[in-house]
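S.K.: Kindly return the folded structure for what I paste below:
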Amino acid sequence: MSCEKGLVVKKCNLPAIVNDNSLVAYLDKIKTFPVLTEEQETQLINDLHQKGDMQAAQVLVTSHLRLAAKIAMTYRSYGLPLADIISEANIGLMQAVKKFDLSKKVRLATYAIWWIKAAINDYILRSWSLVKLGTSAAQKKLFYNLKKIKARLGLYDNKDLAPQEVKAIARELVVDESDVKEMNMRLGGDSSLNVTISDEDESERLDFLVDKSQNIEEKLANKQEVEYKKEVLRNCLKQLNEREQLVIRNRLMVSEPKTLSEIGEQLNVSRERVRQIEEVALKKLKQMVLLAISVKK
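M.R.: Predicted coordinates for the structure are as follows:
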């Protein structure tokens, strides 16, 4: 768990989750932090904002780590390292503590839920397949609303949607039916959230759903498009520097992605520095891929 990026807690004595193997120990540790009464919470918030008491901020954060972990657990099916999801949830929690004040007229936990979910959602959107760089407004709308609409329709499993269900959801959200099918696959916890490209195996799990009714010509055209995207991605990746390539390959192009902390140890830099390298590399790749595709068109 990081306390960088100008967040409230400056001196970190908080439990850390390095990878998924340390998850059990982390969950046991955060259970030891007491739940605050409303009076205790009010006093700590006043101490933080009126006196700048960083110890009060730390107590507020640690007392809500269980909430952050509980919310993070609901995102386990998204195909990303749970350690990173929890770390992102904790960053959202710290942001909530920083911005919360008693004028909100709610408990900190109620306010923090939205910050925690926003931090996790942003992380998931950043981590999606490089072939889908630059998530569109339609995809974001689907990401935030698809599960809600499925629950309202009584669709609680991760199976393929029936044509009439796809049509109903697409009509309600004003998006293409193909986008609905693709997002349903993504949110189903399929391992295709990760792209696999390596020296030994250049196969790629593209987030691409083929309509079973397609004829042979359409399938061949789609295969050619996939091969073209793979080639563009490989060429663009080569234009990144060594550290950026290492981060992207280990975070988004392997079947078992490494956490930010693990890569930080490998590069001898902080977890936050790895995050920064990843963000810069993704922006570069987005620009290069979009440029290459636009030139072809």
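
S.K.: From residue 161, how far off is residue 93?
M.R.: Residue 93 sits 34 Å away from residue 161, taking CB to CB, to the nearest Å as the criterion. Any C-beta I mention is one placed from the backbone N, CA and C, and that applies to glycine too.

S.K.: and if you look at residue 94?
M.R.: From residue 94 over to residue 161 (counting by CB to CB), the distance is 37 Å.

S.K.: got it, and residue 23?
M.R.: Counting by CB to CB, the gap from residue 23 to residue 161 is 32 Å.

S.K.: Looking at these two now, which is surrounded by more residues?
M.R.: With neighbours defined as other CB atoms under 10 Å, residue 23 and residue 161 compare such that residue 161 has more, 20 against 17.

S.K.: Neighbours of the nearest residue to the more buried one once chain neighbours are set aside, how many?
M.R.: Closest residue in space to residue 161, ignoring its immediate chain neighbours: residue 184 at 5.5 Å, by CB to CB, 6 or more residues apart in numbering. Applying other CB under 10 Å, we find 23 other residues in the vicinity of residue 184.

S.K.: Go ahead and list the helix or strand containing residue 184.
M.R.: Counting by DSSP states H and E, the element that carries residue 184 is helix 177-186.

S.K.: and that helix, how far out from the chain's middle?
M.R.: For helix 177-186, the gap between its own C-alpha mean and the chain's C-alpha mean amounts to 18 Å (CA atoms, centre = their mean, to the nearest Å).

S.K.: Show me what it packs onto, helices and strands only.
M.R.: For helix 177-186, the helices and strands in contact under the criterion 3 or more CB pairs under 8 Å, 6 or more residues apart in numbering; DSSP states H and E are helix 137-152, helix 163-173.

S.K.: biggest helix in the protein by residues?
M.R.: Scanning the chain for the helix with the most residues, using DSSP state H, yields helix 271-296.

S.K.: quick one: average pLDDT of it?
M.R.: Mean pLDDT, taken over the full extent of helix 271-296, equals 80.

S.K.: go on, stretch 162-178?
M.R.: Along stretch 162-178, the predicted confidence averages to a pLDDT of 84.

S.K.: residues making contact with it?
M.R.: Contacts to stretch 162-178, defined as CB atoms under 8 Å, 6 or more residues apart in numbering, come from residues 138, 141-142, 145-146, 149-150, 153, 155, 161, 179-181, 184, 209, 211.

S.K.: from the residues you listed, which would you call buried?
M.R.: When burial is judged by neighbour count using 16 or more other CB atoms under 10 Å, the buried members of the contacts of stretch 162-178 are 138, 142, 146, 149-150, 155, 161, 179-181, 184, 209.

S.K.: Helix or strand: which one has the residue positioned nearest the centre of the chain?
M.R.: By CA atoms, centre = their mean, the chain has its centre lying nearest to residue 124, at 1.9 Å. Secondary structure assignment for residue 124, by DSSP H and E: helix 108-127.

S.K.: between that helix and helix 271-296, how many degrees?
M.R.: Angle between the axes of helix 108-127 and helix 271-296 is 50 degrees (criterion: axes from the mean of the first three to the mean of the last three CA atoms, to 10 degrees).
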